[in-house]
Structure formats: C-alpha cells, structure tokens
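Asks: Fold the following.
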Amino acid sequence: MRTLNEVPRRLVIAIGGNAVHPEDIAGTSEEQKSVADQTAQALLAIAELDNELVITHGNGPVVGKIMMRQMLTMNRIPPMSMDICVAHSQGGIGYLLMQAIENGLRQKGNPRHVASLLTQVEVDPDDPAFKNPTKFVGPFFSEDEAKKISEELGWLMREDSGRGWRHVVPSPSPRHVCDISLVDALVKRGTIVIAGGGGGIPVVRDDKGVRTGVPAVIDKDLTSAHIGNVLGIEELLILTAVPRIAVNFGKPDQRELAEVTLAEIKAYHKEGHFPPGSMGPKVDAAIRFIEGGGKRAIISHLDHALPAILGKTGTHIVPG
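Replies: Numbering: from 1, shown residues only. All right, here's what the predicted structure looks like:
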C-alpha cells in the first residue's frame, strides 16, 4: 500500500458511462446534476492533491438516449449524425462534471480550475469495427421491445450480458487524439482536464488534413489508455461498478484479482473470463496501456477511487 505522498503525480482517470448516467434514473436534468455531484465527491480527494490529472468519461447511456430521442422526432426535426450526437453527449456530460468538481473544490477552499475540452479522436476509415458493430449504447429493452425498435428504426439490437437488449454501433480503435498538446499544456499548469469524453468525437482525416465525422462511438477506456501513453503518464485508473475484477464471475469458484501481471491478465482474458459486453473493454484498455509503456493500470469502483490508488482495493495490473 501507498501513502498520500506516494500517489503518482500524473494520472489518467476513466469514469464509466454508468457513473455519469446510471441505469436506474430517468435522465432528468436534476438527476444528472445529482449524479455528477456524487461523482465529483468520489474524486474530490484526488482532485485536491498537487497533481497533473486528466479525467475521461463514458457516454453510452447518454448518447443512446440522444439518438433515440431524435429518431422518435425525426418526422418533425431532422436527426443529427452520430458524430454530432457524440459531441452533444461529450459537451453535456463534460459541463456537468466540470461544474460539479470545481464546486466541490471551492467548498473546500481550493481555487484549482477544471476545464472540459471538446475532443476529436481520429480513427481508421477502414477499421473492421465499421462492419461489425459491438458498442452498446442507450437504455436496456426487452427482447420484444428490441425487435420493434429494430423494425421501426433499422437499428442493430443485441443482448447485453444477460441484462437486456441494447442498440449496438461501430466502435473503431482510437489512432490520434486531436490537440493532445493542449491537454498536456493545461495539466502541466495544474488544471484538471476533462478530455476524450465518450471516447472522443470520431473523425477521419484525409491526405490534406481535412477531418470529417464518422458514425461510431469509440471506447472511452481505449482512448484513456491512448492519452496516458501519448502523454507518458504511468498510471491509469479505470472506475466502474465493482471494487475488483474477477475470474469465473458469477460462479461458485469466483475469485477476485488484487494484483496481476500483464502476462497473467492476458492469459485470463484468452480463457474468456472478461466478456466483450462488460469487463472485456476495460481489460483490453489496461493491457494496451501497459504494453504502451504504462507502469500500472487499476480497475475499481468509483466510490473507492482514492483507496484504489493507495493500493487498499482494486485490481492492479502491472508489467511482467
């Protein structure tokens, strides 16, 4: 375990989509502000430290609702393209988190600033993900509801880890975070930076450098790992809904993992312990982060953010 003085000075924290929009809320403005306040309180002890901090967040539940809302009103209002929907979700979630974290700091008498950057992320136009949608977005539906939505809107619907049916969209890998130098400049001056929200707004770039949005939702954990690697940040904290990840999840011989090496987690992953619709993307991101030069990737519960960094809980993935 570590002391507060041993907490890494530079850190990327990735917050899951359900942490900013849980499944059990309707999604009113008041509910979203309340959830942002709770998230800010969970991160406040880390935000008060003298560090260089980048925060990313998921957007699956929110962008799915944006898309559903506009499809249901498409006869009156022309729908926006998926990249603009991602931008809307990134801006809205970023605003709420920025305000909530900064308000929490002010209540503690801390003058530290928080900035939310609208972030484009370049992807490969030939990424095979465009032909095989896997990213779940939006709320859960019953199988009958999913069939009706698929027939009415032409959406691809799949079952999500036995929890219900959801809309799936392409999820290409991030290749380049646009204006990453601005993120670096801000964190070095002490500003907490919220960037790469929802994995970033997916864009492609032509030979002249002209960028164009594409219909996709990038995995925010992969973007978080990419940001950490590019900026040379050695530790990545992925916050989700469980204190530790486990092998044989849901079975009598379920076993939580405290600290594992890169080789061990890759072996568990190969054995199928981390499904694509749940823990798989987080483990993929942790592996990519370590392989890209990171020294430690931690997966834990949002409410255990600081204890996880201190080594009191969480699954810690290290080189080896």
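Asks: Distance from the longest helix along the chain to the middle of the chain?
Replies: Using DSSP state H, we find that the single longest helix of the chain is helix 82-107. Counting by Cα atoms, centre = their mean, to the nearest Å, helix 82-107 is centred 13 Å from the centre of its parent chain.
Asks: same for that helix, what does it pack against?
Replies: With contacts taken as 3 or more Cβ pairs under 8 Å, 6 or more residues apart in numbering; DSSP states H and E, helix 82-107 sits against helix 17-20, helix 29-47, strand 52-57, helix 60-72, strand 114-116, strand 192-194, strand 201-205, strand 211-213. Any C-beta I mention is one placed from the backbone N, CA and C, and that applies to glycine too.
Asks: Hey, what's the angle from that helix to helix 60-72? Just curious.
Replies: Going by axes from the mean of the first three to the mean of the last three Cα atoms, to 10 degrees, helix 82-107 is angled at 130 degrees with respect to helix 60-72.
Asks: CA atoms of the lowest-mean-pLDDT helix or strand in the chain as PDB?
Replies: Sorting the helices and strands of the chain by mean pLDDT, DSSP states H and E puts helix 17-20 at the bottom, at a mean of 74. Provided in PDB are the C-alpha atoms of helix 17-20 (Å, rounded to 0.1, in the frame of the first residue of the first chain):
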ATOM      1  CA  GLY A  17     -20.700   5.700 -18.600                       C
ATOM      2  CA  ASN A  18     -23.000   4.400 -15.900                       C
ATOM      3  CA  ALA A  19     -21.200   6.500 -13.400                       C
ATOM      4  CA  VAL A  20     -22.500   9.600 -15.200                       C
END
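Asks: buried ones in that helix?
Replies: By 16 or more other Cβ atoms under 10 Å, the buried positions in helix 17-20 come out as Gly17, Asn18, Ala19, Val20.
Asks: And for stretch 174-184?
Replies: Buried-residue list, stretch 174-184, by 16+ other Cβ under 10 Å: Pro174, Val177, Cys178, Ile180, Val183, Asp184.
Asks: got it, and stretch 298-314?
Replies: Neighbour counts over stretch 298-314 (16+ other Cβ under 10 Å) mark 298-311, 313-314 as buried.
Asks: Repeat that for stretch 231-251.
Replies: 231, 233-240, 242-247.
Asks: out of those, who's nearest Phe136?
Replies: If you rank the buried residues of stretch 231-251 by distance to Phe136 using Cβ to Cβ, Thr240 comes first, at 14.2 Å.
Asks: so that closest one bridges to which residues?
Replies: His301 (DSSP bridges).
Asks: ok, it to Leu302 distance?
Replies: According to Cβ to Cβ, to the nearest Å, Thr240 stands 7 Å off from Leu302.
Asks: Then Gln32?
Replies: On the measure of Cβ to Cβ, Gln32 and Leu302 end up 16 Å apart.
Asks: Now do the contacts for Gln107.
Replies: Gln107 sits next to no residue when contact means Cβ atoms under 8 Å, 6 or more residues apart in numbering.
Asks: Tell me, how many residues neighbour Ser81?
Replies: A count of neighbours around Ser81, defined by other Cβ atoms under 10 Å, yields 11.
Asks: oh, I was asking about Val123
Replies: Neighbour tally, Val123, other Cβ under 10 Å: 24.
Asks: That one against Ile218, yeah?
Replies: Yes - between Val123 and Ile218 there is a contact at 6.6 Å, judged by Cβ atoms under 8 Å.
Asks: His57: what's its closest spatial neighbour, skipping adjacent residues?
Replies: Ile15 (4.4 Å; Cβ to Cβ, 6 or more residues apart in numbering).
Asks: Does that neighbour touch Leu239 like I think?
Replies: Yes - proximity of Ile15 to Leu239 meets the contact threshold set by Cβ under 8 Å, at 5.3 Å.
Asks: overlap in contacts of those two?
Replies: By Cβ under 8 Å, 6+ apart, the residues touching both Ile15 and Leu239 are Leu302.
Asks: Report the angle between the longest helix of the chain and strand 52-57.
Replies: Using the same axes, to 10 degrees: helix 82-107 against strand 52-57 is 130 degrees.
Asks: Buried ones in helix 82-107, by neighbour count?
Replies: 82-83, 85-90, 92-94, 96-102, 104-105.
Asks: Likewise for stretch 59-76?
Replies: Those would be Asn59, Gly60, Pro61, Val62, Val63, Gly64, Lys65, Ile66, Met67, Met68, Gln70, Met71, for stretch 59-76 by 16+ other Cβ under 10 Å.
Asks: which one of these is nearest Gly138?
Replies: Gly64 (2.0 Å).
Asks: Secondary structure element for the closest residue to the closest one other than its chain neighbours, which one?
Replies: Leaving out its chain neighbours, the residue that sits closest to Gly64 by Cβ to Cβ, 6+ apart is Gly138, at 2.0 Å. Assigned by DSSP states H and E, Gly138 belongs to strand 135-141.
Asks: Which elements pack onto that strand?
Replies: helix 60-72, strand 165-169.
Asks: Render the CA-only coordinates of that strand in PDB, please.
Replies: Coordinates of each C-alpha in strand 135-141 appear next as PDB, following Å, rounded to 0.1, in the frame of the first residue of the first chain:
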ATOM      1  CA  LYS A 135     -20.500  -0.900 -28.800                       C
ATOM      2  CA  PHE A 136     -23.600  -0.900 -26.600                       C
ATOM      3  CA  VAL A 137     -25.400   2.500 -26.300                       C
ATOM      4  CA  GLY A 138     -28.600   3.700 -24.800                       C
ATOM      5  CA  PRO A 139     -31.000   2.100 -22.300                       C
ATOM      6  CA  PHE A 140     -32.000  -1.600 -21.900                       C
ATOM      7  CA  PHE A 141     -35.000  -3.100 -23.600                       C
END
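Asks: Brilliant, that's me finished.
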